[in-house]
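1. Sequence and predicted structure, then a few things I'm wondering about:
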Number of protein chains: 2
Amino acid sequence: MSDMTLDEALYTTRAMRRVRPDPIPDDVQARILDAAIRAPSGGNTQGWRFLLVDDPGVRGRLAPIYRDCIDMLWKTIYADRISAMEADPDAPDSIEMAKVQRSANWMAKNFEVYPLLLFAFAQGDPTGGSIFPAVWSAMLAARAEGIGSTITSVLMFRLEEVLKILEVPPDEGWVFACCVPMGYPTGRWGVARRRPAHEVAFRNRWGDPLGFEVPGPLWKG
Amino acid sequence: MSDMTLDEALYTTRAMRRVRPDPIPDDVQARILDAAIRAPSGGNTQGWRFLLVDDPGVRGRLAPIYRDCIDMLWKTIYADRISAMEADPDAPDSIEMAKVQRSANWMAKNFEVYPLLLFAFAQGDPTGGSIFPAVWSAMLAARAEGIGSTITSVLMFRLEEVLKILEVPPDEGWVFACCVPMGYPTGRWGVARRRPAHEVAFRNRWGDPLGFEVPGPLWKG
C-alpha cells in the first residue's frame, strides 16, 4: 500500500487525461477496486458493478464512438460556452474553456492509448450519491499509485451501442454512471485552481456569508 | 492539517450516524470545505454550492421534516427489504437491514444533535458525477479531523419545504444533491464489511471474471 497522505491525494487528484500506454498491473488494479468498494452506499446496498476494460479490441470499438460523443458535446451542452470563448478568447472563462477543450480533444483523439477503462454502473441510485463516492475512491487510490484518471459521461450520447459492446444486460436495471479512463500520466501532479470555498458556500441560509474566508489552498505540499 | 494516510481514510470512512452535540470549530470546517472544492467537476465548471447549517433554529425546523421523510423511506423505497427482513429476520440481508434501520432511526430521532449539516447543491450535473466527488472529499477530510458523517437524500420527499427553510432561490437551477450531517462520533472507526471486489467487478465484458480475487480488505490498519 502507498503511504500518501489523504491531504495530498485530495488536493492533487484532478482530471488527468494525457497518459502513456503502459499497462496497469493486476495488483495495482486490485488495490484500486478494493478501495472503491469500501465507500458507503445508500442503505449499504452496494448496488454497484465495475467493468474493467483492457482488451484492445473492446477499446478499439469504443474509441470512434467516444470521438463522436465528444464532437456532440461541443455542439450541444458546451455550445454556449464555446461561442462565448470564440467571442472573447482572452476572458478567464474562455482560457479555462480552451484548456478543457484541448485536454478533452486529446483524450478523444488518443482514446486507444488508455491501458484501462473503468466503467461504473449503479442500481437504485437516482442521485448518483451511492456510486460516485466509490468512483472517486478508485480515482484517489489510483492517484496514490501514480495513475491519472478522469470521469467522463459523454458516452451517454450513444449509450445503446456502448452497452451492447460491453454486453450489459438490458433487463437488470443497471444504469451507466461513467467511464474512468486510467493511465500513467505524462504531465505532473499539482493543486488545481478553484474558486475559493467562501465564494461557493453559505451559512444557514442561501446567500448568507460563510463567516470565514479560505484564502488559498490550505495544503501546499 | 492531518497526517492520516489516504488508505486509512478510504478504508475507515463509513456512514457514522451516532454523534455528540459538540460543535465543529471554524478552522476544521474551513479544512473540510477547502478539500471539497479541490475535487474535479465536468468541464471544471465547479457548479456547486455548499450550505453549512449550524443554527439551532434552522436545524429545529428541519428535524420533524427529516423524521417524516425517514418514515416515508421505510414505507416506500425500503418497503420490500423490510418485509423480507420481517419474514426472515436471521438472513444476512435482514441483519444488515435491521442495522441500517436502527442507525437511520437513531439519526432521525436525534436530528437536532448534529452540530453541523452540510447541504450540497449542483447545477448542470445530471449524473451526480460533478457533485459527489466533492461531497465525498468533504467526508474524507472530516474523517481525518475525527468527524463522522453520512450522506442522506431522504429530504427529497419534502424538498419544497426544505428549500424554503434554506431559502434556496427557485429560479437559478440549483438542484439539491444531499444533506451530510456531521459530528464527533460516539463509536469507533473501523473497516466496514463489503462484498469483495471480484464479486462486483468484471473484465472486458459484463459477467466475465475479473481475472484475480481480492480476498479481504487490503488495508488492515
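-> All right, it came through fine.
2. buried ones in stretch A:46-56?
-> Using 16 or more other CB atoms under 10 Å in any protein chain shown as the burial criterion, the residues of stretch A:46-56 that qualify are A:46-54. From N, CA and C alone the C-beta is placed, and that goes for glycine too.
3. dump the residue contacts of residue A:66.
-> A:108, A:111, A:154-155 (CB atoms under 8 Å, 6 or more residues apart in numbering or on different chains).
4. Same list as before, the buried residues of stretch A:46-56 that is, but in a markdown table and with pLDDT and distance to residue B:26 included.
-> Converted to a markdown table, those look like this (pLDDT from 0 to 100; distance: CB to CB, whole Å):
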| residue | pLDDT | distance to residue B:26 |
| --- | --- | --- |
| A:46 | 97 | 36 |
| A:47 | 97 | 37 |
| A:48 | 98 | 36 |
| A:49 | 98 | 41 |
| A:50 | 98 | 38 |
| A:51 | 98 | 43 |
| A:52 | 98 | 42 |
| A:53 | 98 | 45 |
| A:54 | 98 | 47 |
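5. among the contacts of residue A:66, who's most crowded?
-> residue A:155 (23 neighbours; other CB atoms under 10 Å in any protein chain shown).
6. Quick check: pLDDT value at residue A:33.
-> Per-residue pLDDT puts residue A:33 at 98.
7. Was I right to think it contacts residue B:201?
-> Yes: here residue A:33 reaches residue B:201: they are 5.6 Å apart, a contact under CB atoms under 8 Å.
8. Tell me which entries of the contacts of residue A:66 lie within strands.
-> Within the contacts of residue A:66, no residue falls in strands by DSSP state E.
9. Please tell me how far the longest strand seen in chain A is from the chain's geometric centre.
-> What stands out as the longest strand in chain A, according to DSSP E, is strand A:175-183. With CA atoms, centre = their mean, to the nearest Å as the basis, strand A:175-183 stands 7 Å off its chain's centre.
10. quick one: it near chain B?
-> Yes: interface with chain B: strand A:175-183 contributes A:177-178 (CB under 8 Å from any CB of the partner chain).
11. could you give me the average pLDDT of that strand?
-> Strand A:175-183 comes out at a mean pLDDT of 98.
12. For it, output the C-alpha coordinates as CSV.
-> Coordinates of each C-alpha in strand A:175-183 appear next as CSV, following Å, rounded to 0.1, in the frame of the first residue of the first chain:
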residue,chain,number,x,y,z
VAL,A,175,-27.6,2.3,-15.0
PHE,A,176,-24.3,3.5,-16.7
ALA,A,177,-22.8,6.1,-14.3
CYS,A,178,-19.5,6.9,-16.0
CYS,A,179,-16.3,5.8,-17.7
VAL,A,180,-13.0,6.5,-16.0
PRO,A,181,-10.0,6.1,-18.4
MET,A,182,-6.8,5.4,-16.4
GLY,A,183,-3.1,5.5,-17.2
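13. Can you list the helices and strands that that strand packs against?
-> Under the contact criterion of 3 or more CB pairs under 8 Å, 6 or more residues apart in numbering or on different chains; DSSP states H and E, strand A:175-183 touches strand A:116-122, helix A:132-144, strand A:148-149, helix A:159-165.
14. ok, and for it, which residues are buried?
-> Applying 16+ other CB under 10 Å to strand A:175-183 flags A:175-183 as buried.
15. Which SSE is immediately downstream of it?
-> helix A:197-200 (DSSP states H and E).
16. Provide the partner residues of residue A:116 in its beta bridges.
-> residue A:182 (DSSP bridges).
17. wait, it sits on residue A:182?
-> Yes: in this structure, residue A:116 is within contact of residue A:182 by CB under 8 Å, at 4.6 Å.
18. outside of stretch A:187-201, which residues touch it?
-> A:11-12, A:14, A:16, A:18, A:143, A:209-210, A:212-217, A:219-221, B:30, B:33-34, B:36-38, B:40, B:44, B:46, B:48-52.
19. Just the buried residues of it, please?
-> So stretch A:187-201, judged by 16+ other CB under 10 Å, has buried residues A:189, A:191-192, A:194, A:197-198, A:200-201.
20. send the alpha carbons of that stretch over as PDB?
-> Output of stretch A:187-201 as PDB, limited to C-alpha atoms (Å, rounded to 0.1, in the frame of the first residue of the first chain):
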ATOM      1  CA  GLY A 187       2.500  15.500 -17.000                       C
ATOM      2  CA  ARG A 188       2.900  16.400 -13.400                       C
ATOM      3  CA  TRP A 189       0.600  16.400 -10.400                       C
ATOM      4  CA  GLY A 190      -0.400  19.700  -8.900                       C
ATOM      5  CA  VAL A 191      -3.100  21.600  -7.000                       C
ATOM      6  CA  ALA A 192      -5.800  22.700  -9.400                       C
ATOM      7  CA  ARG A 193      -7.100  26.300  -9.400                       C
ATOM      8  CA  ARG A 194     -10.500  26.600  -7.900                       C
ATOM      9  CA  ARG A 195     -12.900  29.300  -6.800                       C
ATOM     10  CA  PRO A 196     -12.400  29.600  -3.000                       C
ATOM     11  CA  ALA A 197     -14.700  27.900  -0.600                       C
ATOM     12  CA  HIS A 198     -16.200  31.200   0.900                       C
ATOM     13  CA  GLU A 199     -17.400  32.100  -2.600                       C
ATOM     14  CA  VAL A 200     -19.300  28.900  -3.100                       C
ATOM     15  CA  ALA A 201     -20.500  28.200   0.500                       C
END
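21. Give the buried subset of the contacts of stretch A:187-201 as a PyMOL selection command.
-> To isolate the buried members of those in PyMOL, using 16+ other CB under 10 Å:
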select buried, (chain A and resi 11+12+14+16+143+210+214+217+219) or (chain B and resi 30+33+34+36+37+38+40+44+46+48+49+50+51+52)
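22. buried residues in the longest helix belonging to chain A?
-> Taking DSSP state H as the criterion, chain A has its longest helix at helix A:56-75. For helix A:56-75, the neighbour count (16+ other CB under 10 Å) marks A:58-59, A:62-63, A:65-66, A:68-70, A:73 as buried.
23. same deal with stretch A:94-104?
-> Neighbour count says stretch A:94-104 has A:94, A:96-97, A:100-101, A:104 buried, by 16+ other CB under 10 Å.
24. ok, residues contacting it?
-> Counting by CB under 8 Å, 6+ apart, residues outside stretch A:94-104 touching it are A:15, A:17-18, A:70, A:73-74, A:78, A:81-82, A:84-85, A:88-89, B:43-44.
25. So which of these sit within helices?
-> Per DSSP H, the contacts of stretch A:94-104 map to helices at A:70, A:73-74, A:81-82, A:84-85.
26. And residue A:192, how close does it get to residue A:184?
-> Separation of residue A:192 from residue A:184 (CB to CB, to the nearest Å): 19 Å.
27. roughly how far apart are residue A:147 and residue A:138?
-> For residue A:147 relative to residue A:138 (CB to CB), the value is 10 Å.
28. Comparing those two, which shows the higher neighbour count?
-> residue A:138 (27 against 23).
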